[in-house]
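Engineer: Show me how the following folds:
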Amino acid sequence: MLSILFLPTNTQRLIIGMGIILLAGLSGSAMAQPTRYTLSGTVADAQSGETLIGANVWCEATQQGAAANAYGFYSLTLPAGDYELTVSASGYATQTVPVSLTANETLNLGLEQATQQLDEVVVSGEISPVQLTQMSRRTLPIDQLDELPTFFGEVDVLKGVQMMPGVLRGSEGNNGLYVRGGSADQNLMLLDGVPVYNANHVFGFLSVFNADAINSVELIKGGYPAR
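Structural biologist: Model (predicted):
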């Protein structure tokens, strides 16, 4: 705002001169700003070197901070001086790093993982007995195959299945299974979930299954389950 005072000539000149000096002093003070420098780098795991996304770098003196981006990079602009930076990340021990900033500087930081021993937690519960409706399912113990009659001295898994209740066999030396009146071609045989379409070997006298490679045999004589 400009104010005009009607004063004598000498007084008016004096006021104008003082105003110029005052303005010059203010301009010099405004221009004397402290020099600022940029401190940047990456925050990574000290052991593996993997960058830590979201790690925090905080300067308590200036109340400024930065968070590492998706590449673990951070950047912080501060006035020249000596500072202590606090570096932290979830799951890692907080670290304090002294910094003397006199120019633009690159500072890569590494954090150690923080381990903590927790108390033992014991989880217990109760379950009500559930009555399951099973199909007509029988399991053949593999260790009993050696005790069953064999053809030509060869232990055969299908021969053991023929000895189960509800299963009829054909003539001697025939591996056909007749389950509850069905024919031999109405059976589905699965080996580890894979269908076996022809289980006979040596003209039907033996099966293709090696008893030493079979862990368990399960026979379902009724309707097959969902899985």
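
Engineer: Please, where are all the helices along this protein?
Structural biologist: Taking DSSP state H as the criterion, the chain carries its helices at 9-31, 157-162.

Engineer: least reliable of these going by mean pLDDT?
Structural biologist: Among these, helix 9-31 has the lowest mean pLDDT, at a mean of 46.

Engineer: Tell me the backbone dihedrals of D192, please.
Structural biologist: phi 60, psi 40 (degrees, to the nearest 10).

Engineer: domains of this structure?
Structural biologist: Under the assignment automatic domain parsing, the domains of the chain span 36-111, 137-220.

Engineer: now do the same end-to-end measure for the longest one.
Structural biologist: One end of domain 137-220 to the other measures 4 Å (C-alpha to C-alpha, to the nearest Å).

Engineer: now for the domains of the chain, which one comes closest to Q117?
Structural biologist: Smallest distance to Q117 across the domains of the chain (C-beta to C-beta): 14.7 Å, for domain 36-111. Just so you know, the C-beta spots here come from the backbone N, C-alpha and C atoms, and that holds for glycine as well.

Engineer: helices and strands of the chain: which one bottoms out on pLDDT?
Structural biologist: Ranking every helix and strand in the chain by mean pLDDT, DSSP states H and E puts helix 9-31 at the bottom, with a mean of 46.

Engineer: tell me the mean pLDDT for the lengthiest strand in the chain?
Structural biologist: Taking DSSP state E as the criterion, the chain has its longest strand at strand 36-45. Averaging pLDDT along strand 36-45 yields 94.

Engineer: For that strand, enumerate the helices and strands it packs against.
Structural biologist: strand 73-79, strand 95-101, strand 105-106, strand 109-111 (3 or more C-beta pairs under 8 Å, 6 or more residues apart in numbering; DSSP states H and E).

Engineer: ranking those strands by burial, who's on top?
Structural biologist: strand 109-111 (a mean of 19; mean count of other C-beta atoms under 10 Å).

Engineer: which other residues reach that strand?
Structural biologist: 41-46, 52, 55, 57, 87-89, 92-93, 95, 97 (C-beta atoms under 8 Å, 6 or more residues apart in numbering).

Engineer: Of those residues, just say which sits nearest to R180.
Structural biologist: Of the contacts of strand 109-111, the one sitting nearest to R180 (C-beta to C-beta) turns out to be D45, at 64.7 Å.

Engineer: Need the helices and strands packed on strand 36-45 in CSV (columns: distance to L206 and mean pLDDT).
Structural biologist: CSV is the format used below for these (distance: least, C-beta to C-beta, whole Å; pLDDT from 0 to 100):
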stretch, distance to L206, mean pLDDT
strand 73-79, 70, 94
strand 95-101, 72, 93
strand 105-106, 76, 92
strand 109-111, 66, 93
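
Engineer: Between those, which one is closest to N200.
Structural biologist: Nearest of those (C-beta to C-beta): strand 109-111, 66.7 Å.

Engineer: Report the strands that pair with the closest one, each with its relative direction.
Structural biologist: Here strand 109-111 is paired, per DSSP bridges, with strand 36-45 (parallel).

Engineer: Thanks again, I'm all set now.
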